[in-house]
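J.: Quick one, what's the 3D model for this:
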Amino acid sequence: MTLIHAFEFLPKPPDSFPDVVGVYGNDAALRSWVMQVISSAGDVTEFDGDTAKWSDLRDDLATASLFDMGDKRTIVIRSADKFLSSHRPEVEKYVAKPGGASRFVIELDSLASNTRVYKAINKDHLLVACGNATDSKVGVTAATRRKFLSGYVAGRHNAKLEKNAADALFEMMGDEIGMLDTEIAKLALYRDPGDKIDEALVREVVAGWQGKTVWQITDAIAAGDAAEALRQLDKLMSGGQKPIALLPQIAWSLRRLGMATACFQQREAEGRKMQLEDALSSAGINRPSDIQRAKTQLKGLTRARALNLLPWLLDADLRLKGTHSADGRDRFLLEQLVLKLAKGA
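T.: Residues are numbered from 1 along each chain as shown. Alright, predicted model coming up:
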């Protein structure tokens, strides 16, 4: 078998599975859906990776099911990162030469590609990657991710999702597939079964009071009012919003302002004049009301801060998905970003 991403696996699962399957990645919803597919047939026994020992499942792996109905018994280790760390030699040995009585499925938050377990499963068995970010190594692009959201996820709710609507959801909600699935389920209630969900509906329904609060944050940032921006940010996080989901919502409008500023500066460097309205249009800001709002925000930001919008937002995105992904550190990072954007420190 080989390495396959959940975006490709879920719409069309294989007809059969090998003796060892590794399911890994940072998206809990994708992992859960993949595990449901793999465990849907036959006799399944699950172990908790936080407490399981190799001795607990050794006999189970060597024992065939009496009720397999033509399929093998499936032994599943959930949340197996700790289990793998504690029993790596045993797992490596088994993966290299698995028994034929049962199917061994291991679910992990992460699995480094330079480990023996990864290489052995990828070579002879099946690996299903369940990350939600674009990743060229596993063939995930913005287009394939959008296709999965518009097809598989929307199909779970008997809905059709337009391309621009899918892009708007990613911009407003972030990459977490479980949260996007929940929002599409809500949106489907506003349309008859099979009808299309367009961008206008997404922005109207998904935003709600949270969207209005995000606009208040960006307005406060542009005005240099850090205290108000932090108050509104706290309101959202107290309401259950996670920093990983809030950053794309806050960044959406600010990124367009940064793009317009960069375009305007490039024209100036080339010795060519450019109207601010044209720069805003090149960044996707076209409606008269949006143009006026953007001009007011840029005036409040000043050029110095506006020129730093893109690098600051990119740095925050990378940190939030890496060094500051843990609870507490993610909030600190977002509050720090808001202060920097509002004050220009």
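J.: Please determine how far Gln265 is located from Lys273.
T.: 13 Å (C-beta to C-beta, to the nearest Å). In this view, the C-beta of every residue, glycine as well, is placed from N, C-alpha and C.
J.: gap between the residue found closest to Cys130 once you drop the neighbours it is linked to in the chain and Glu270?
T.: With sequence-adjacent residues excluded and distances taken as C-beta to C-beta, 6 or more residues apart in numbering, Cys130 is closest to Gly25, at 2.9 Å. Separation of Gly25 from Glu270 (C-beta to C-beta) stands at 44 Å.
J.: Can you identify each of the strands in the protein by residue range?
T.: Secondary structure of the chain (DSSP state E): strands at 3-5, 20-24, 44-48, 73-78, 102-108, 126-129, 160-161, 196-197.
J.: Touching the longest one from outside, list them.
T.: What that stands for is strand 102-108. 17-24, 31, 35, 38-39, 49, 60-65, 72-81, 83-84, 91, 94-95, 98 (C-beta atoms under 8 Å, 6 or more residues apart in numbering).
J.: how about Leu313, what does it touch?
T.: Neighbours of Leu313 in contact, by C-beta under 8 Å, 6+ apart: Leu247, Ala251, Leu254, Arg255, Gly258, Leu337.
J.: Find the nearest non-adjacent residue to Asp56, please.
T.: Closest to Asp56 by C-beta to C-beta, 6+ apart is Phe47, at 6.2 Å.
J.: do Ala52 as well
T.: Phe83 (5.4 Å).
J.: Which segments of this structure make up each domain?
T.: Domains of the chain are assigned by automatic domain parsing as 3-136, 142-205, 208-343.
J.: If I average pLDDT within each of these, which one is lowest?
T.: Lowest mean pLDDT within the domains of the chain: domain 208-343, a mean of 83.
J.: Any idea which residue is closest to the centre of the protein?
T.: Nearest to the geometric centre of the chain sits Asp175, at 2.5 Å (C-alpha atoms, centre = their mean).
J.: tell me the contacts of it?
T.: Counting by C-beta under 8 Å, 6+ apart, Asp175 has contacts Asp27, Asn132, Ala133, Ile244, Pro248.
J.: shouldn't the third one be in contact with Lys321?
T.: Yes. The pair formed by Ala133 and Lys321 meets the contact definition of C-beta atoms under 8 Å, at 6.9 Å.
J.: neighbour count winner among those two?
T.: When Ala133 and Lys321 are compared for neighbours, Lys321 comes out ahead with 16 against 12, by other C-beta atoms under 10 Å.
J.: Could you check how far that one is from Asp135?
T.: From Lys321 to Asp135 the distance is 12 Å (C-beta to C-beta).
J.: cool, Gln36 as well?
T.: From Gln36 over to Asp135 the distance is 23 Å, taken as C-beta to C-beta.
J.: Next: Arg331.
T.: Distance from Arg331 to Asp135, by C-beta to C-beta: 26 Å.
J.: cool, and Glu176?
T.: Applying C-beta to C-beta to Glu176 and Asp135 gives a distance of 15 Å.
J.: ok, back up a step: of Gln265 and Lys273, give the one with the bigger neighbour count.
T.: Per other C-beta under 10 Å, whichever of Gln265 and Lys273 has more neighbours is Gln265, with 15 against 8.
J.: Identify the residue nearest the more buried one in space, chain neighbours excluded?
T.: Gln265's closest residue in space is Leu307 (C-beta to C-beta, 6+ apart), at 6.7 Å.
J.: how about Ile197, what does it touch?
T.: Ala154, Ala159, Lys160, Leu161, Glu162, Ala165, Ile184, Leu187, Ala188, Tyr190, Arg191.
J.: Filter those down to the buried ones.
T.: Burial by neighbour count, 16 or more other C-beta atoms under 10 Å: within the contacts of Ile197 this picks out Ala154, Ala159, Lys160, Leu161, Glu162, Ala165, Ile184, Leu187, Ala188, Arg191.
J.: Is the last one in contact with Leu201, as I believe?
T.: What it means is Arg191. Yes. With contacts counted by C-beta under 8 Å, Arg191 reaches Leu201, the gap being 7.5 Å.
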